[in-house]
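*Asks:* Predicted model follows, preceded by the sequence.
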Amino acid sequence: MTTSAEFETRSLVSFEESFDVLLIPPVDISHLIDANTKVVTQLRLMVREALPIVRSMISEMKDRPDMLIADIFWMEACPIAAEFNMPKYLYVASNAWFAALTIHCPVLHDQIEGEYIDQAEPLEIPGCKPVRPEDVVDPMLDRNDQQYREYVKLGLEFAMGDGILINTWQDLEPVTLEAFRENESLRAVANCPVYPIGPLTRPLEPGPRTELFEWLDMQPPESVLYVSFGSAGTLSAQQITELACGLELSEHRFVWVVRPPVETGSDGSFFTFGNGSDGQPGYLPEGFATRTRNTGRIVRQWGPQMEILSHPSVGGFLTHCGWGSALESITNGVPMIAWPLYSEQRQNATMLAEELGVAIRPKVLPTKKVVEREEIEEMVRTLMEPKEENVIRAKVKQLKISGENAMEEGGSSYNMMSGFLKDVQMKLNPTNILF
């Protein structure tokens, strides 16, 4: 089994074959945070501490970059790009609906009093589908936290760039993308062109044929449910038990990437466990691995997700709804059980289940209550058991084709990328356009 760190190292080596990769030294923010400092705040503080290092690295380059493409946490680097006369662009790794909410958040900040989650009506975004209060991104859950103030600033920074690249495509989000182009209120806030250039996913990388893939090779087509909560998602001990029992009760094949439980709360403690009597992780129900040895495989900590989702025997994905995972599922034609945990995942889950129709979800958000084994069993059976008309499976396969078409020459995302490159060339050399 390959650890996450080993995979990241291997990926970095492959990147270095095509790019000059400069690693930014770690920065110390320990004097700026405490045990209650949220993730977004920590990321923003890390970026601010690293900005002088980045400026110094660019100034010392013999051949400086022609432009800056920054993700949403790095837009504070735009003044550095301006100093070196570099066009600057924002890359949103999530979807256009999330980008619209983020851009519009400073307006909501002035319009709405009290907590967003206490509002009786959905939050309106000009030209877009409204966002239910319970679906707002994590920083909007507590307006008194520094994380929220950082998020409002982040929304204002979207307008600092010369354009916004978004990992989506025209047919996936036609209404929201039209709002970015045509709605005067949203355009006034964004104040720059938007380029949907997705779906961008990690390419398949050939690897060793492990026991996991040998097992997958022996399973019937679309018969295996893949269960994973991303690189950071964790469950409570009680929820892990219910999930294990639900999978077992469903009697369907599965591959489960499992991590030790984390109990959330004011005293958020981490648990470490040994192994059970059958060699399984000690936080799983006693005998679970033995009872499911013919129908399931347990992968500890990390698994090669894209390779698993692309395998012909995989027919479903129980996912935390990180946008990268959602796109990997869609581009492989795999329907989902949406199980959002943090960040913008609740908003993603609503899009996947209600707007795109490629996922089902628990009756109550998993972050509000434990999803019990009977409901898990029902969801797995609904997704995995063949029916004459499996609407969800048909829709996700249609979107798979739509995404492929968008990326082909002449497709919507191909054309948007061409338009983006023309814009860059115009800014770099307006008298010598090569397109």
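*Replies:* Good, I have the coordinates.
*Asks:* and the gap between the residue nearest to Gly303 when sequence neighbours are not counted and Pro199?
*Replies:* Closest residue to Gly303 apart from its sequence neighbours, by CB to CB, 6 or more residues apart in numbering: Val257 at 4.5 Å. (Glycine included, C-beta is placed from N, CA and C.) To Pro199, Val257 is 22 Å away according to CB to CB, to the nearest Å.
*Asks:* Looking only at neighbour counts, state which of these two leads.
*Replies:* Each of Val257 and Pro199 has its neighbours counted (other CB atoms under 10 Å); Pro199 has more, 24 against 21.
*Asks:* Now do the contacts for Ser223.
*Replies:* Contacts for Ser223 (CB atoms under 8 Å, 6 or more residues apart in numbering) come out as His252, Arg253, Ser313, Gly315, Met384.
*Asks:* If any of these are buried, give me the PyMOL selection for them.
*Replies:* The buried subset of these, as determined by 16 or more other CB atoms under 10 Å, is captured in PyMOL by this line:
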select buried, resi 252+253+313+315+384
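*Asks:* the bottom helix or strand of this protein by mean pLDDT?
*Replies:* When each helix and strand of the chain is scored by mean pLDDT, DSSP states H and E, strand 269-270 comes last, with a mean of 30.
*Asks:* Tell me the helix or strand right after that one.
*Replies:* helix 288-291 (DSSP states H and E).
*Asks:* ok, the next helix or strand after that next one: who's next to it in the sheet?
*Replies:* As assigned by DSSP H and E, the chain's next helix or strand after helix 288-291 is strand 296-300. Strand 296-300 has the following sheet partners, assigned by DSSP bridges: strand 253-258 (parallel).
*Asks:* What mean pLDDT does the strand it pairs with get?
*Replies:* For strand 253-258, mean pLDDT is 96.
*Asks:* same check, this time on stretch 194-208
*Replies:* The pLDDT scores in stretch 194-208 average 90.
*Asks:* quick check: domain ranges of the protein?
*Replies:* 13-196, 211-398 (automatic domain parsing).
*Asks:* Where does the prediction get shaky in the stretch 301-435 of the chain?
*Replies:* 388-389, 430-435 (pLDDT under 70).
*Asks:* What segments of it are helices?
*Replies:* Taking DSSP state H, counting those that start in this stretch as the criterion, the stretch 301-435 of the chain contains helices spanning 305-309, 323-331, 345-350, 373-384, 391-407, 412-428.
*Asks:* Out of those, flag the one nearest Arg149.
*Replies:* Arg149 lies closest to helix 345-350 among the helices of the stretch 301-435 of the chain, at 20.3 Å (CB to CB).
*Asks:* name the helices or strands packed onto that closest one?
*Replies:* For helix 345-350, the elements it packs on are helix 96-111, judged by 3 or more CB pairs under 8 Å, 6 or more residues apart in numbering; DSSP states H and E.
*Asks:* follow-up on the earlier one: looking at the domains of the chain, which is nearest to Met417?
*Replies:* When the domains of the chain are compared (using CB to CB), the closest one is domain 13-196, at 7.1 Å.
*Asks:* Show me the strands in this protein, by range?
*Replies:* Under the criterion DSSP state E, the chain contains strands at 68-71, 88-92, 163-166, 194-196, 224-228, 253-258, 262-263, 269-270, 296-300, 314-319, 336-338, 359-360.
*Asks:* how far away is Trp97 from Glu307?
*Replies:* For Trp97, the distance to Glu307 (CB to CB) stands at 29 Å.
*Asks:* So for these two, which residue has more residues nearby?
*Replies:* Higher neighbour count among Trp97 and Glu307: Trp97, with 25 against 18, using other CB under 10 Å.
*Asks:* residues contacting that one?
*Replies:* Cys128, Lys129, Val131, Glu173, Thr176, Gln347, Met351.
*Asks:* From the structure, what's the count of residues near the closest residue to Ser94 other than its chain neighbours?
*Replies:* Spatially, and ignoring its direct neighbours in sequence, Ser94 is nearest to Trp323 (4.3 Å; CB to CB, 6+ apart). Residues near Trp323, counting by other CB under 10 Å, number 23.
*Asks:* cool, and Pro304?
*Replies:* Counted with other CB under 10 Å, the neighbours of Pro304 add up to 20.
*Asks:* ok, for Phe288, nearest residue in space, not its chain neighbours?
*Replies:* Leaving aside its chain neighbours, Phe288 sits nearest to Ala244 (5.2 Å; criterion: CB to CB, 6+ apart).
*Asks:* how far away is the one you found from His320?
*Replies:* Per CB to CB, Ala244 is found 17 Å from His320.
*Asks:* now do Lys422
*Replies:* 37 Å.
*Asks:* Same check on Ser30?
*Replies:* In terms of CB to CB, Ser30 sits 29 Å off from His320.
*Asks:* So if I had to pick from these two, which one is more boxed in?
*Replies:* Higher neighbour count among Ser30 and His320: His320, with 24 against 7, using other CB under 10 Å.
*Asks:* so that one touches Pro340, yeah?
*Replies:* Yes - the criterion here is CB atoms under 8 Å, and His320 meets it with Pro340 at 6.3 Å.
*Asks:* quick one: His104 and Tyr116, what's the gap?
*Replies:* Taking CB to CB as the measure, His104 falls 12 Å from Tyr116.
*Asks:* An error on my part: the question was meant for Asn405.
*Replies:* Distance, Asn405 to Tyr116, by CB to CB: 37 Å.
*Asks:* same deal with Tyr414?
*Replies:* Separation of Tyr414 from Tyr116 (CB to CB): 37 Å.
*Asks:* Could you do Leu365 as well?
*Replies:* 15 Å.
*Asks:* Looks like the residue nearest to Gly303 contacts Pro304 (just checking).
*Replies:* No - contact criterion CB under 8 Å: Val257 and Pro304 do not qualify, at 9.8 Å.
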